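Asks: Structural data only, the sequence is not supplied:
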């Protein structure tokens, strides 16, 4: 039984990449045109003969590329026929070294956003930050992708800074700022690191709620530097990066 579980865990990242590639091709070919609704998660799992969790991760990777967009209560729709290309766009085949460069840039920006949030946030903004982190914890407990909730947390901190430029910066970056899905096959290699997301974010949220400017700055720095270390460790394990 343990051998079967290990086989499934190692095969899953490859299947996620395969399904994402197929959907990407079908969008580019026009089978799913811009504005069209793609089949449901259940239907796609039947079409590709994979679990719903594999489909969920594949769709999440295409949302990160800007190809798909979820509409609450309506489904997932094609946003564009080609992936968004921008200064912070990370493709599925992004080099880990490139992702580390983005994280280094985020450290320079988001530490100050957190410090300002500690000075300026309102009670409702504090609650929004905590709620985003609870959403992450819920996704982790259910085995769901955490990218969207993770990105929402950082957006909430940027919003609480009172400086719209911080939020604009993150919106330009998009989910590429949360790059776990950008590396084919990386999911199983960094999955263990996900357990650190909630407590690291909790320290940031508490410092902001307590108006602790220096504490918020350092908690954000420690969180992003920890992510940087995890990708550095991954790079050492992977040839060609």
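Replies: Nice, I can see it. Predicted model only: the values in this text are computed from it and were never measured.

Asks: can we go C-alpha only for contacts and neighbour counts from here?
Replies: OK.

Asks: ok, residue 16 to residue 78 distance?
Replies: Note on residue 16: its distance to residue 78, by CA to CA, to the nearest Å, is 18 Å.

Asks: Compare neighbour counts for these two and give me the winner.
Replies: Neighbours per residue (other CA atoms under 10 Å) separate residue 16 from residue 78, with residue 16 holding more: 25 against 21.

Asks: how about that one, what does it touch?
Replies: Counting by CA atoms under 8 Å, 6 or more residues apart in numbering, residue 16 makes contact with 54, 55, 57, 58.

Asks: Does it belong to a helix, a strand or coil?
Replies: Classification of residue 16 using DSSP: H, G, I helix; E, B strand; the rest coil returns helix.

Asks: Now do it, the pLDDT please.
Replies: With respect to pLDDT, residue 16 scores 86.

Asks: how much space between it and residue 33?
Replies: Distance from residue 16 to residue 33, by CA to CA: 22 Å.

Asks: for residue 75, same thing?
Replies: From residue 75 over to residue 33 the distance is 15 Å, taken as CA to CA.

Asks: Looking at these two now, which is surrounded by more residues?
Replies: Legend: neighbour count by other CA under 10 Å for residue 75 and residue 33, higher for residue 33 (17 against 13).

Asks: Verify the contact between the more buried one and residue 81 for me.
Replies: Yes: here residue 33 lies in contact with residue 81, judged by CA atoms under 8 Å, at a distance of 7.1 Å.

Asks: overlap in contacts of the two?
Replies: residue 27.

Asks: Tell me the helix or strand right after the lowest-mean-pLDDT helix or strand in the chain.
Replies: Lowest on mean pLDDT, DSSP states H and E among the helices and strands of the chain sits helix 187-190, with a mean of 43. Sequence order places helix 197-209 as the next helix or strand after helix 187-190, per DSSP states H and E.

Asks: average pLDDT across the helix or strand that that next one is followed by?
Replies: Using DSSP H and E, the helix or strand that follows helix 197-209 in sequence is helix 213-237. Regarding helix 213-237, the rounded mean pLDDT is 86.

Asks: Do you know the pLDDT at the residue nearest the centre of the chain?
Replies: Relative to the mean C-alpha position of the chain, the nearest C-alpha, by CA atoms, centre = their mean, is the one of residue 147, at 2.6 Å. Confidence at residue 147, expressed as pLDDT, is 80.

Asks: same deal with the one 10 residues further on?
Replies: Note for residue 157: predicted pLDDT of 98.

Asks: Could you pull up the contacting residues of it?
Replies: 113, 114, 117, 129.

Asks: Let me have the residues you listed in JSON lines, adding distance to residue 66, neighbour count and secondary structure as columns.
Replies: Conversion of those to JSON lines gives the following (distance: CA to CA, whole Å; neighbours: other CA atoms under 10 Å; DSSP: H, G, I helix; E, B strand; the rest coil):
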{"residue": "113", "distance to residue 66": "25", "neighbour count": "26", "secondary structure": "helix"}
{"residue": "114", "distance to residue 66": "27", "neighbour count": "33", "secondary structure": "helix"}
{"residue": "117", "distance to residue 66": "28", "neighbour count": "30", "secondary structure": "helix"}
{"residue": "129", "distance to residue 66": "24", "neighbour count": "28", "secondary structure": "helix"}
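
Asks: Would you map out the domains in this structure?
Replies: 2-78, 96-237 (automatic domain parsing).

Asks: rank the ones you listed by pLDDT, which is bottom?
Replies: domain 2-78 (a mean of 81).
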